[in-house]
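1. Fold the following, please.
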Amino acid sequence: MFYYQDRQLRQIAWQILETVWQNFPELDAKQIALTWLVYDSTLRGFHYRGGQIFYPASIVKLFYLVTIQEWLKRGIILSSPERDRAIHDMIVDSSNDATSLVVDVLTGTTSGPELSRNAFLTWQSQRNLVNRYFQSLRWKELEPINVNQKTWGDGPYGRERAFVGESFQNRNRLTSNAVARLFHHIIMGDMVSVARSQAMMDLLSRQLPPPATLEMGEENQITGFLGEALPSEAKLWSKAGWTSEVRHDSAYIEVPNVAPYLLVVFTKRSPSPPNRELLPFISQQFLEAVRLNF
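-> Got it, this is the predicted structure:
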């Protein structure tokens with residue numbers, strides 16, 4: 001692992017998980033995965049099923065954010081006001097429409113009608129450019145991931161539907177460990193470059209409490225997610241993802257007088273009702289643990 005697997009964190013996290021299952025008995029042990037890193041004297045961490053594959057929903061947009069910064073640094077693509085707007089909306093608002101443009105820019109592909117066999121093979125190869133970039137990093141945590149699909153509201157059509165596979169076997173796939181490692185390197189300033197890591201952190205920054213102008217719902221990526229449990233004096237950088245089947249969040253959190261920490265939580269078929277209470281409850285448990293111990 002890229003962090004020290006700490007015994008104290010393991011004991012604390014298992015106590016939290018037991019509390020979660022007591023309060024959400026309908027949440028099966030296989031319906032949750034998490035990775036927790038604490039930044040104090042050394043980088044310590046814990047994961048529960050951190051290598052388990054989940055459909056990531058909009059958390060995959062973190063990977064597209066990193067890739068487009070890498071492409072910009074290399075000069076593969078050039079910055080423009082419209083591309084900058086799409087990058088902003090992809091992360092700040094979690095816009096699927098903006099993400100569609102970003103994926104097109106990254107891979108030189110577009111959505112549309114089905115293609116002939118040879119044209120489709122070329123198209124598929126192009127769409128795997130992002131996968132090839134992350135595999136080139138040779139991080140063990142990235143070995144099982146797949147990040148070659150757009151995010152959708154109603155779902156894919158045409159060549160996109162063919163690409164995801166008849167049984168959706170080519171869907172995006174991520175693990176909490178993979179997300180934690182990527183987010184960690186952004187935090188440390190060594191993902192792409194110091195300046196570009198900071199630019200990514202700026203986009204991931206969330207206002208606490210969320211502004212009244214934002215709809216009090218999933219769109220603000222705080223209400224119903226890890227950020228909801230945080231005090232107003234906390235600082236939060238996060239990217240959430242949700243569908244009717246999954247509810248995830250990844251958050252780097254700084255609270256005065258305690259060690260900063262990164263928490264990535266994946267949940268499948270969140271308990272309902274009320275499914276919006278699970279992630280804030282988990283966040284509150286980890287916040288109290290950090291306050292007491294670090």
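2. What are the boundaries of the strands in this structure?
-> 4-5, 32-39, 43-48, 205-206, 235-242, 246-254, 261-268 (DSSP state E).
3. out of the ones you listed, nearest to Asp97?
-> Nearest to Asp97 among the strands of the chain is strand 235-242 (16.1 Å), distances taken as CB to CB. The way it works is simple: take the backbone N, C-alpha and C, and place the C-beta from them, glycine included.
4. now that closest one: how far from the chain's centre is it?
-> Distance of strand 235-242 from its chain centroid, counting by CA atoms, centre = their mean, to the nearest Å, is 8 Å.
5. tell me what that strand is packed against?
-> The contact analysis (3 or more CB pairs under 8 Å, 6 or more residues apart in numbering; DSSP states H and E) places strand 235-242 against helix 61-74, helix 194-204, strand 205-206, strand 246-254.
6. Let's see that with 7 Å instead.
-> Other helices and strands packing on strand 235-242, by 3 or more CB pairs under 7 Å, 6 or more residues apart in numbering; DSSP states H and E, are helix 194-204, strand 205-206, strand 246-254.
7. Kindly compare burial across the ones you listed and name the winner.
-> Ranked by average neighbour count under the criterion mean count of other CB atoms under 10 Å, these are headed by strand 246-254 at a mean of 24.
8. Run through the helices of the stretch 1-150 of the chain in chain order.
-> Using DSSP state H, counting those that start in this stretch, the helices of the stretch 1-150 of the chain run over 7-23, 61-74, 81-92, 96-107, 117-127, 129-136.
9. a markdown table for the helices and strands packed on strand 235-242, including mean pLDDT and distance to Arg138?
-> As requested, these are arranged in a markdown table below (pLDDT from 0 to 100; distance: least, CB to CB, whole Å):
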| stretch | mean pLDDT | distance to Arg138 |
| --- | --- | --- |
| helix 194-204 | 98 | 20 |
| strand 205-206 | 97 | 30 |
| strand 246-254 | 97 | 22 |
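10. For Ile16, find the nearest of those.
-> Here strand 246-254 is closest among the helices and strands packed on strand 235-242 (CB to CB), at 14.8 Å.
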